[in-house]
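Engineer: here you go, sequence then predicted model.
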Amino acid sequence: MKKFLVLSFVFAAMLLSGCGGGKQTVNPDKLREYAGELVNRGLYRQAAAAYEEYLQSGKIDDKERANVNYIIANLYFDRIKDYEEALAYYLKIKHFFPEAGLMSEVNKRIVACLERLDRPTDAQQALSETVQLKPDTVPTKRPGEVVAEIGGRQITQGDLDYEISKLPPSVRNQITTPEQKRDFLREYVATELLYDTALRAGLDKDPEVVEGTFQAKKALMVQKLLQDRIAGKVQIEPSDVELYYQAHKDKYVEKDAEGNIVRQKTLDEVRAEVQQELLRSKYQSAYQGLIEKMIIAEGAKFYENRVR
């Protein structure tokens with residue numbers, strides 16, 4: 001956030017530097033440079049907005065417009081994982097800049113977006129409509145040097161760092177040296193190759209894969225909902241910990257081999273444990289409250305006596 005604030009200040013300064021007689025002007029080159037800097041800093045939504053601002057900033061030829069729209073589309077697809085927004089930009093290129101030399105890759109990305117949006121019929125239709133052109137030279141806009149290639153797709157140092165950044169902290173913290181990153185890169189490429197092979201074999205339509213995908217998607221959606229509705233809002237204060245400890249002191253005792261209480265543990269000794277139990281208690285209470293509201297709202301009924 002601090003980096004973004006600094007960049008925002010720089011951007012504002014660039015805007016003001018173009019002022020004359022009270023009228024603000026924007027230097028398109030500086031604006032494009034700013035957008036690229038945001039990408040390098042991992043501020044992808046802000047970068048997409050800056051590139052869009054660049055497109056509105058002045059006279060830009062069609063080839064440049066197509067390339068910048070392609071950059072924005074790839075940001076939404078590769079980085080932000082907003083496939084609807086990415087699809088909108090790919091379609092914009094297809095309809096407004098078909099001569100820009102990007103259509104081969106754009107058509108593939110349109111199909112990929114539709115697949116990820118769980119619209120297999122539309123994806124199949126888009127694939128059928130795709131005109132296979134000779135692979136065009138698609139400019140690489142991701143930061144860093146190319147560290148691997150899979151067919152015509154280039155993987156840059158920026159791609160590698162981004163993939164590592166998405167890992168859980170416990171795993172991510174073990175991939176810090178160049179050697180560890182090289183090992184991760186080989187595993188990443190192997191996974192992509194296996195995925196491409198499975199896709200060509202039509203395994204994306206395998207009934208077990210389809211069902212597994214649905215179940216995984218459902219679980220992720222539930223997890224996200226609980227995170228938004230409950231986990232992010234459950235908070236405890238130091239006074240809550242003290243009250244919980246006093247109300248459950250019998251749980252925090254030291255016993256001998258026969259189970260006799262020999263000592264009461266102090267709050268300082270068990271503070272972390274008390275905090276965790278209090279959090280779990282509050283989370284469970286909030287969870288039950290949410291479920292009860294949903295049961296009433298949806299009119300859900302149970303016929304437990306019929307369960308055998």
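Structural biologist: The structure has been received and is ready for your questions. Predicted, not measured: the structure shown is a model, and the values here were computed from it. Numbering: from 1, shown residues only.
Engineer: the stretch 151-300 of the chain: strands as residue ranges?
Structural biologist: Using DSSP state E, counting those that start in this stretch, the strands of the stretch 151-300 of the chain run over residues 153-156, 253-255, 261-264.
Engineer: single out the most deeply packed of these.
Structural biologist: When you average the neighbours per residue for each of these (mean count of other Cβ atoms under 10 Å), strand 153-156 leads with a mean of 16. Heads up, the C-betas are built off the backbone N, CA and C, glycines and all.
Engineer: partners of it, with directions?
Structural biologist: Strand pairing for strand 153-156, using DSSP bridges, gives strand 146-150 (antiparallel).
Engineer: report all helices and strands that the helix ranked longest in the chain contacts.
Structural biologist: Counting residues, the longest helix found in the chain (DSSP state H) is helix 267-298. For helix 267-298, the packing partners by 3 or more Cβ pairs under 8 Å, 6 or more residues apart in numbering; DSSP states H and E come out as helix 238-247.
Engineer: from the middle of its chain, how far away would the helix it packs on be?
Structural biologist: 37 Å (Cα atoms, centre = their mean, to the nearest Å).
Engineer: and the angle from it to helix 267-298?
Structural biologist: 100 degrees (axes from the mean of the first three to the mean of the last three Cα atoms, to 10 degrees).
Engineer: about what we covered before: a markdown table for the strands of the stretch 151-300 of the chain, including mean pLDDT?
Structural biologist: Shown next, in a markdown table, are the strands of the stretch 151-300 of the chain (pLDDT from 0 to 100):
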| stretch | mean pLDDT |
| --- | --- |
| strand 153-156 | 84 |
| strand 253-255 | 92 |
| strand 261-264 | 92 |
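Engineer: can I get these in TSV including distance to residue 33?
Structural biologist: Output for the strands of the stretch 151-300 of the chain, formatted as TSV (distance: least, Cβ to Cβ, whole Å):
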stretch	distance to residue 33
strand 153-156	19
strand 253-255	64
strand 261-264	65
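Engineer: the nearest residue to residue 28 once chain neighbours are set aside in helix, strand or coil?
Structural biologist: Leaving aside its sequence neighbours, residue 28 sits nearest to residue 57 (Cβ to Cβ, 6 or more residues apart in numbering; 4.5 Å). State at residue 57, reduced to three classes by DSSP: H, G, I helix; E, B strand; the rest coil: coil.
Engineer: just for the stretch 1-150 of the chain, where's the confidence low?
Structural biologist: Within the stretch 1-150 of the chain, the stretches with pLDDT under 70 are 1-25, 120-121, 124, 127-142.
Engineer: try it again at 50.
Structural biologist: 1, 4-6, 9, 12-13, 15-23, 131-141 (pLDDT under 50).
Engineer: can you give me the helices in it?
Structural biologist: 2-17, 28-40, 44-55, 62-74, 83-96, 103-116, 120-129 (DSSP state H, counting those that start in this stretch).
Engineer: out of those, which is closest to residue 297?
Structural biologist: Smallest distance to residue 297 across these (Cβ to Cβ): 27.6 Å, for helix 83-96.
Engineer: so which elements touch the closest one?
Structural biologist: So helix 83-96, by 3+ Cβ pairs under 8 Å, 6+ apart, packs with helix 62-74, helix 103-116.
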